[in-house]
Structures are given as C-alpha cells and as structure tokens.
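> Sequence and predicted structure below; questions after.
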Amino acid sequence: MTTIFHYAQKCLHDSTVEQLLSLTHEAQFYAKEGVLTFDSHDVVRPIEQVKFPEHPILLAPREMPRRKLTTPAGLNAFFHAIAHVEFIAIYLAWDIIYRFRGLPDEFYRDWLRVADEEAQHFSLLRTRLNTANIDYGSLPAHSGLWDLAQDTSHDVLVRLALVPRCMEAHGLDVTPPLIEKFKQLGDDDAVAILTRILTDEIGHVGLGSKWFKALCHAQHLESEKHYQTSLLTYYKGGALKSGFNQELRLAAGFSQSELAWLEIHSH
C-alpha cells in the first residue's frame with residue numbers, strides 16, 4: 001500500500017502533464033478501492049519547490065492579449081485560459097493535501113476527489129483545444145493563479161477561505177453568463193463543458209465551506225468572522241468583485257450573512 005502523500009509529492013514535484021493526469025486518476029481509483037493510506041511521516045517541501053511544465057509561458061494578467069469569443073482565435077484563447085485555470089486547480093487540490101497534515105482522512109478523500117474532477121475538466125477542455133489543432137501550452141497563460149497558494153501555504157484555514165471560498169467561488173458568479181453566451185452562439189459543446197464544470201465547482205466550493213467551518217470549530221473560532229478577516233488581510237486585490245450569484249453560493253455553503261457582508265465590501 002502507498003500513501004496519498006506519495007502521490008501528492010509526485011504530482012507536485014516530478015510530473016509531466018500526462019503523468020499528473022494519470023497519477024491523479026490512479027490515486028482516486030486506489031482510494032475508492034481502499035488501498036490508499038493517509039499516514040504521513042515525510043517532511044513537507046516548501047511550496048516554492050513545486051514544479052510546473054515549461055509550457056505554457058506565463059504572463060502577468062495585464063500582458064494577456066484580449067480576444068473576442070466571436071473569432072476562432074478568441075475561442076481558442078478562451079478555452080486555453082479555462083484549461084489553464086483547471087490545470088492549476090489540480091495543483092491546488094494536490095497542494096492542500098500535501099501541505100497540511102494531521103487532518104481527518106475524509107479531508108484528504110474530499111480534496112483527492114476535487115483533484116480528480118479538475119483533471120477531468122482539464123481533459124475535456126484539452127480535447128476541445130485539440131479539435132482546433134492546438135494543445136495546452138501553445139498559448140500564453142495567466143501567471144497569477146498560483147499566487148494565492150503561495151500566500152496561504154502557512155495556514156489551512158486561510159487557504160480554504162481564499163482559494164475555494166473566494167477564487168473558485170468567483171467561478172460560480174461568472175460561469176452562468178458565459179454558458180448563456182455560448183447558448184446564443186449555438187456552441188452546444190461549449191455549453192456542455194461549462195455546465196459540467198459549473199456543476200462540479202458548486203461541490204468543490206461546498207467542500208471549502210464544509211472544511212473551513214469544521215476546522216474553525218475545532219480551533220474555537222467563529223467561522224464567519226474568521227472568513228471576513230482572512231479576505232481583508234490576505235487577498236491582494238480583486239477578491240470582492242460585485243455580481244455574486246446568490247443561489248449558487250448558498251448551494252455551496254455560504255450563509256446569507258456572509259453574502260450580505262460580501263455585497264457591502266465588494267466593488
């Protein structure tokens with residue numbers, strides 16, 4: 001038997017894109033079969049040692065070219081950008097497993113499921129790119145997605161507040177309008193992919209809510225207050241954008257009072 005942390009270290013430090021996908025699905029299979037253990041005795045490497053593929057080339061957000069969905073180049077750029085988000089999401093799920101030890105087995109099972117589903121999303125998007133004769137890495141990508149992981153590598157509660165309950169929750173706000181846009185364009189494939197991603201992401205944000213509240217309770221912290229403090233203290237701009245999808249955020253474990261606070265502090 002091997003440990004989930006063995007898989008996490010391999011995925012984060014020594015994998016190609018293909019190996020990352022394969023190892024993620026393999027770990028989830030073994031977890032379901034009951035032959036993956038959750039014991040940890042190894043030393044956790046600093047987050048700065050996490051390795052990414054040589055491609056795509058990463059650019060600052062302001063340097064990313066802007067394209068319209070109504071052109072083939074724009075569509076390719078859009079799906080490449082979303083593929084990059086899902087690719088980094090695999091790393092984020094593995095990193096929360098790898099970095100924070102001594103938590104209940106259920107915590108690691110939950111985030112392994114997230115890693116596996118993010119890998120499925122990435123593969124769907126990669127297939128879409130391949131139909132346009134491009135692959136992941138062919139275009140530049142946003143460099144800022146990993147910053148939150150580095151900023152929160154010291155505290156699992158801050159990680160949960162800022163990644164699933166802030167960055168990923170933003171996807172619940174922006175994806176439904178994109179689905180409607182692709183419906184108007186008659187792109188059924190895009191609608192199907194984005195709908196699948198949105199459905200799973202509600203669950204992923206929900207797991208962030210579940211574990212944030214549970215671990216706050218274990219540390220005798222008031223979860224809503226700690227959430228507010230975390231966002232105001234650590235998030236470096238852009239977290240509190242207005243336009244929250246109340247229905248989906250409630251389904252993902254946000255409370256009405258949290259949403260009211262977000263609305264007051266958004267821009």
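Received the coordinates, thanks.

> shouldn't H265 be in contact with S242?
No: counting by CB atoms under 8 Å, H265 stays clear of S242, with 9.7 Å between them. Any C-beta I mention is one placed from the backbone N, CA and C, and that applies to glycine too.

> Looking only at neighbour counts, state which of the two leads.
A direct count of neighbours by other CB atoms under 10 Å for H265 and S242 places H265 higher, at 13 against 10.

> any idea how far stretch 129-145 is from the chain center?
17 Å (CA atoms, centre = their mean, to the nearest Å).

> Quick one: mean pLDDT for that stretch?
Summarised as a single mean, pLDDT over stretch 129-145 is 92.

> In that stretch, which residues are buried?
Within stretch 129-145, the residues scored as buried using 16 or more other CB atoms under 10 Å are L129, I134, Y136, G137, L139, P140, A141, H142, S143, G144, L145.

> Stretch 40-57 too?
Of the residues in stretch 40-57, those buried by neighbour count under the rule 16+ other CB under 10 Å are S40, I47, V50, P56.

> which one of the residues you listed sits closest to R62?
Using CB to CB, the shortest approach to R62 within the buried residues of stretch 40-57 belongs to P56, at 16.8 Å.

> follow-up on the earlier one: next, give me the two most distant ones among the buried residues of stretch 129-145.
Using CB to CB, the buried residues of stretch 129-145 reach their maximum pairwise distance at I134 and G144, which is 22.4 Å.

> Among the buried residues of stretch 40-57, name the ones in strands.
Here DSSP state E is the test, and the buried residues of stretch 40-57 give no hits in strands at all.

> Please identify which pair of those lies farthest apart.
The largest distance within those, taken as CB to CB, falls between S40 and P56 and amounts to 32.3 Å.

> which residue ranges form the helices in this structure?
4-13, 17-33, 72-99, 105-131, 147-151, 156-162, 168-185, 188-218, 223-234, 246-251, 256-265 (DSSP state H).

> tell me the most buried of those helices?
helix 156-162 (a mean of 24; mean count of other CB atoms under 10 Å).

> Could you save the buried residues of stretch 40-57 as JSON lines and add columns showing pLDDT and distance to H13?
Compiled in JSON lines, the buried residues of stretch 40-57 are given as follows (pLDDT from 0 to 100; distance: CB to CB, whole Å):
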{"residue": "S40", "pLDDT": "85", "distance to H13": "16"}
{"residue": "I47", "pLDDT": "97", "distance to H13": "11"}
{"residue": "V50", "pLDDT": "97", "distance to H13": "7"}
{"residue": "P56", "pLDDT": "94", "distance to H13": "19"}
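
> Return the distance of the nearest residue to A73 once chain neighbours are set aside relative to K213.
Taking CB to CB, 6 or more residues apart in numbering, and ignoring the residues beside it in sequence, A73 has R67 as its nearest neighbour in space, at 5.6 Å. For R67, the distance to K213 under the criterion CB to CB, to the nearest Å works out to 40 Å.

> ditto for P72
From P72 to K213 the distance is 45 Å (CB to CB).

> same question, L103
When distance is defined by CB to CB, L103 is 14 Å away from K213.

> ok, the residue positioned nearest the centre of the chain - contacts?
With distances taken as CA atoms, centre = their mean, A89 lies nearest the centre of the chain, 3.3 Å away. Residues in contact with A89, defined by CB atoms under 8 Å, 6 or more residues apart in numbering, are V114, E118, H121, F122, E168.

> residues contacting the nearest residue in space to I134 that is not next to it in sequence?
Once flanking residues are discounted, I134 sits nearest to N76: 5.8 Å by CB to CB, 6+ apart. When contacts are counted by CB under 8 Å, 6+ apart, N76 touches L129, A132, I134, L139.
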